[in-house]
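In: Sequence and predicted structure, then a few things I'm wondering about:
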Amino acid sequence: LAALQVEARTLAMLRGLLRQLHAACTRLAAGARVLPSSMQETAGHVRHGVEGVQASLSRARSFHDLSGLVLAQSRETVMRAQLSIDELLEYVGQHAPLPWLVGPFAPALVEYPEDVPVEMAKWEGCITIG
């Protein structure tokens, strides 16, 4: 009985992660409209692949309900999605203009040269990269 509960929780957690991944892919596909058509296609393929995995797992009550082929295809689809997302991120990192990546923080970078102290309270709660 405990093993069945663990399996049910694991499957529920996997479905939750797939919902989050699908939401991220949907936003990514929407944002990719400003990218070249090849990148738009990549984003669309990722979203459709995740949708396929979600459909495959939606009716399963346990992993025993899924064939080895479905599990292998799902794993392959998620791995391809990860590689495609990495490709998209690499493209954006190499080709996007800096103000597009930095966004609303760009004026602050111009207003506050490195030798002038910045009021840190305005940055509280922001995520820093690097």
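Out: Received it, and whenever you're ready, just let me know what you need.

In: Which residues are in contact with the residue nearest in space to the middle of the chain?
Out: The centre of the chain sits closest to residue 24, judged by CA atoms, centre = their mean, with a distance of 4.6 Å. Residue 24 makes no contacts at all, as judged by CB atoms under 8 Å, 6 or more residues apart in numbering. C-beta: built from backbone N, CA, C; applies to glycine.

In: Which positions in the helix or strand containing it come out as buried?
Out: Assigned by DSSP states H and E, residue 24 belongs to helix 2-31. For helix 2-31, the neighbour count (16 or more other CB atoms under 10 Å) marks 11, 14, 18, 21-22, 25, 28-29 as buried.

In: For it, give the mean pLDDT please.
Out: Across helix 2-31, the average pLDDT comes to 86.

In: residues in contact with the helix or strand harbouring residue 56?
Out: Using DSSP H and E, residue 56 sits in helix 37-58. Applying CB under 8 Å, 6+ apart, the contact partners of helix 37-58 are 11, 14-15, 18-19, 21-22, 25-26, 28-29, 31-33, 35, 66, 70, 73-74, 77-78, 80-81, 84-85, 87-88, 91.

In: again, only using 7 Å
Out: 14-15, 18, 21-22, 25-26, 28-29, 32-33, 70, 74, 77-78, 80-81, 84-85, 87-88, 91 (CB atoms under 7 Å, 6 or more residues apart in numbering).

In: what's the angle between that helix and helix 2-31?
Out: 160 degrees (axes from the mean of the first three to the mean of the last three CA atoms, to 10 degrees).
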